[in-house]
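Asks: Got a sequence here, can you build the structure:
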Amino acid sequence: MKWRWALFVILTLSLGAVLVWRYRSLVALNDTIEAARRSLAQKKIDHGNEKAASERSLLAADQLALHADRAVVLSLRRELDAIKQRAAHPAQTRVTQGSQELAIIPPSLADVPISYRDWRNVGADSPEAAIETTLWAAAGGDTEVMASLLELDASVRQRSEELLKSLPDDFQSQFSTVEQFVAFMTVRDVPLGSAQVMRRLPLPDGEGLAIKLINPDGDAKMLLLTSRQVGNAWKLVVPESAIDHYFLYLQGHLPTGR
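Replies: You can find the predicted model right below:
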């Protein structure tokens, strides 16, 4: 009888040892699987970050190419237009009425649609002037002039700085101010067509301007911009939605077509 009891104890202890061993093996296996999952997830994250960084670099390069292309094309077009104007109108800048010589006053954006070839740097003494000078700067890729005409509220400035810091270092180094970065990004949204100020609306924090932009194909879109007087100059207030748009573009979520 004793030997049966001893055999029972031995079998019980053996079974317990096997169960403990299997439990420990299962825990170790689960730990191994979990570690593999974490490693795979981290690799996916790293790959995603590398891919996103690569895409942002390509989009930044595309933006730089856009500025270079636009500057060259615009310069050539202006030279060609100037030659045509001189050939067609040798004395285009002045007319004579009786014995008095009068200067021709160029049209204003508030009067008629004006082609990008005729946009001028007219300063920023009025909201309309600030609009035309901004368009002129955008058409020629002059981000310094354009940046001087942009007004960024605190939240927009913070969002813009965060976006700029997410881009490659060599891209960031090209801008001394966040306004220059925003101006640089805005250039791609200005079509080389024509523009007109359709209406001016008083706002609590400035003046609202309804702008009609017409692209070279004749398609038109309306924009409502806010202009605010800062010191002696009028500036264009950058909306937060514009920065959100640039964020999506640089993350590769928007088309990169020019």
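Asks: how long is stretch 223-241 end to end?
Replies: Start-to-end span of stretch 223-241 (CA to CA, to the nearest Å) is 13 Å.
Asks: show me where pLDDT drops low in the protein?
Replies: 1-105, 253-258 (pLDDT under 70).
Asks: Show me the strands in it, by range?
Replies: 94-97, 100-103, 114-115, 150-151, 194-203, 206-214, 220-230, 233-237 (DSSP state E).
Asks: Which among those strands is found nearest to Glu161?
Replies: strand 150-151 (14.0 Å; CB to CB). Where you see a C-beta, it was placed from the backbone N, CA and C, and this is true even at glycine.
Asks: helices or strands next to that closest one in the packing?
Replies: For strand 150-151, the packing partners by 3 or more CB pairs under 8 Å, 6 or more residues apart in numbering; DSSP states H and E come out as helix 178-186, strand 233-237.
Asks: Asp118 contacts Ser108, correct?
Replies: No - in this structure, Asp118 is not within contact of Ser108 by CB atoms under 8 Å, at 11.0 Å.
Asks: For Gly231, see how far away the closest residue to Thr133 other than its chain neighbours is.
Replies: Nearest in space to Thr133, with sequence neighbours left out and distances taken as CB to CB, 6 or more residues apart in numbering, is Asn121 at 5.2 Å. Separation of Asn121 from Gly231 (CB to CB, to the nearest Å) stands at 18 Å.
Asks: check contacts around the residue nearest to Thr133.
Replies: Shown in contact with Asn121 (CB atoms under 8 Å, 6 or more residues apart in numbering): 133, 136-137, 145.
Asks: how about stretch 144-156: buried residues?
Replies: For stretch 144-156, a neighbour-count test (16 or more other CB atoms under 10 Å) marks 145-152, 156 as buried.
Asks: Pick out whichever of the residues you listed sits closest to Pro204.
Replies: Nearest to Pro204 among the buried residues of stretch 144-156 is Glu151, at 15.0 Å by CB to CB.
Asks: can you pull the contacts of the closest one?
Replies: 228, 230, 235-238.
Asks: Can you turn the buried part of those residues into a ChimeraX selection?
Replies: To isolate the buried members of the contacts of Glu151 in ChimeraX, using 16+ other CB under 10 Å:
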select :228,235,236,237,238
